[in-house]
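**Student:** Attaching a predicted model along with its sequence, questions to come.
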Amino acid sequence: MTETTGVLDPETGFVDPVPMEENPAELFAGDSGTLDAEVRRVLVRLLQRRFLLADRNRAQWRTLLENQHVIESRLHDLFVHLVVDHERGVAYKKQVRSAELDVPVLLRDEAYSRAETLVLVHLRTVYQREHGAGEMSVRVDVEDLERTALTYFDPDDTNVAGTQREIRAAVTRLAKEGLVEEESEGRYRVTPLVEIVLSNERLGELREWLSEQNSTEQEVAR
């Protein structure tokens, strides 16, 4: 049976039933939501994607800023924080974690592979060095990424082509996440997102771990 609402007929004085799916206040049949369609789309995008970038999604970024309080409230209902970095023009979500409260985990960290971690550390290192030297736009070549990452793989491994494919796949994933943008074939611009994904503290930890890994492998090779 179709659920209906009523519209008063001015001529008869009776209420004519109208199917609820025709109610303009609803976005779909049975809709009990209160947010406008554009605000809902921003909320869904934040849940689906790792980042919302101002320069790539100007309309959604404007909608986010205009409705930040209500979007934050909806995310808080799911034990999720909203972080809006105005300086970098990026918004992203973080799982709420608390020692005092039993918090169900909605967002699970998807670990980077070894190749992805190696590429990310190199990108972050280059970005830090170039910015420290006053460069506002940092670029890298995929060949440079390959050379650096290959130094951390087993030198006796004869499947170099397979390792190179793994490294290029890592670059592809990081590009999808917005950490690099391909400007021409094999040439990438490093975005400020690398600072968010990899903090200075975490970068130091990974550098130390990679150094230990390299030392161990060299000892084994002797």
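**Tutor:** Yep, that arrived.

**Student:** Domain boundaries for the protein, per the record?
**Tutor:** Using automatic domain parsing, the domains assigned to the chain come out as 4-95, 114-221.

**Student:** For the most centrally placed residue in the chain, which non-adjacent residue is spatially closest?
**Tutor:** Centroid check for the chain by Cα atoms, centre = their mean gives Arg50 as the closest residue, at 1.8 Å. Spatial nearest neighbour of Arg50, chain neighbours left out: Glu177 (5.5 Å); criterion: Cβ to Cβ, 6 or more residues apart in numbering. For glycine as for every other residue, the C-beta is placed from the backbone atoms N, C-alpha and C.

**Student:** ok, now Glu72?
**Tutor:** Per Cβ to Cβ, 6+ apart, closest to Glu72 is Leu82, 4.8 Å.

**Student:** Could you list everything the one you found pairs with in the sheet?
**Tutor:** For Leu82, the beta-bridge partners are Lys93 (DSSP bridges).

**Student:** from the chain's centre, how far out does whichever strand or helix holds Arg124 sit?
**Tutor:** Arg124 belongs to helix 114-132 when elements are defined using DSSP states H and E. The chain centroid and the centroid of helix 114-132 are separated by 17 Å under Cα atoms, centre = their mean, to the nearest Å.

**Student:** try stretch 193-202
**Tutor:** Distance of stretch 193-202 from the chain centroid (Cα atoms, centre = their mean) equals 13 Å.

**Student:** Which positions in that stretch come out as buried?
**Tutor:** 193-198 (16 or more other Cβ atoms under 10 Å).

**Student:** Next: stretch 69-83.
**Tutor:** 71-72, 74-75, 79-80, 82.

**Student:** Name the pair among those residues with the greatest separation in space.
**Tutor:** Ile71 and Phe79 (14.9 Å; Cβ to Cβ).
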